[in-house]
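K.L.:
just need the structure, nothing else, for what follows:
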Amino acid sequence: MSIRADFQPRIDEYISDLETFATGAYLREGETDSWEAPYDASALGELRGILEDFLDRLDRVPDDPEAELLEPVVARTLEELTTFNSKHADAVLEPEEFDELNELITDAAAATGATDETLTALPVLE
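P.N.:
Numbering: from 1, shown residues only. Next up is the predicted model:
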């Protein structure tokens, strides 16, 4: 099985949670009167694409990669996520989402067979 196939359900759940938040679907009747969407939920398609592209790039990394091979893949994704968030007034990804994304990124990178030393050397969202 591929890294993409293994981690796609986590991406789907993550995006679904953000969509629920963005659309106010979690609110009860009457709670939406003064509620404003924190961001446009249509932006989540772009976020999904960034995360899926990351998993696809990991699938192309050789097994048991050294940091020199894995770090650029992660760094590119972090740059894409930062650019995406800036484009949306830094409203989509907040510190809580950083934590979830860092965990997802590290777990997916670990699926390449990278050592703990390599994984701890990877950059993270801050």
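K.L.:
contacts and neighbour counts: CA atoms only from here.
P.N.:
Will do.
K.L.:
quick one: the helices in the protein?
P.N.:
In chain order, the chain shows helices spanning 3-23, 44-59, 67-87, 95-110, 116-120, with DSSP state H as the criterion.
K.L.:
dump those to CSV, plus distance to Thr32 and mean neighbour count.
P.N.:
Compiled in CSV, those are given as follows (distance: least, C-alpha to C-alpha, whole Å; neighbours: other C-alpha atoms under 10 Å):
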stretch, distance to Thr32, mean neighbour count
helix 3-23, 10, 16
helix 44-59, 21, 18
helix 67-87, 25, 16
helix 95-110, 23, 16
helix 116-120, 43, 14
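K.L.:
who wins for proximity to Trp35 among those helices?
P.N.:
Nearest to Trp35, of all these, is helix 3-23, at 9.9 Å by C-alpha to C-alpha.
K.L.:
ok, residues contacting that closest one?
P.N.:
Residues external to helix 3-23 that are found in contact with it (C-alpha atoms under 8 Å, 6 or more residues apart in numbering): 26, 37-41, 44, 48, 51-52, 55-56, 58-59, 104, 108, 111-112.
K.L.:
Serialize the helices of the chain to a markdown table and add fields for mean pLDDT.
P.N.:
Formatted as a markdown table, the helices of the chain follow (pLDDT from 0 to 100):
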| stretch | mean pLDDT |
| --- | --- |
| helix 3-23 | 95 |
| helix 44-59 | 98 |
| helix 67-87 | 97 |
| helix 95-110 | 95 |
| helix 116-120 | 97 |
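K.L.:
would JSON lines of those with distance to Glu31 be doable?
P.N.:
Below are the helices of the chain laid out as JSON lines (distance: least, C-alpha to C-alpha, whole Å):
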{"stretch": "helix 3-23", "distance to Glu31": "12"}
{"stretch": "helix 44-59", "distance to Glu31": "23"}
{"stretch": "helix 67-87", "distance to Glu31": "27"}
{"stretch": "helix 95-110", "distance to Glu31": "23"}
{"stretch": "helix 116-120", "distance to Glu31": "43"}
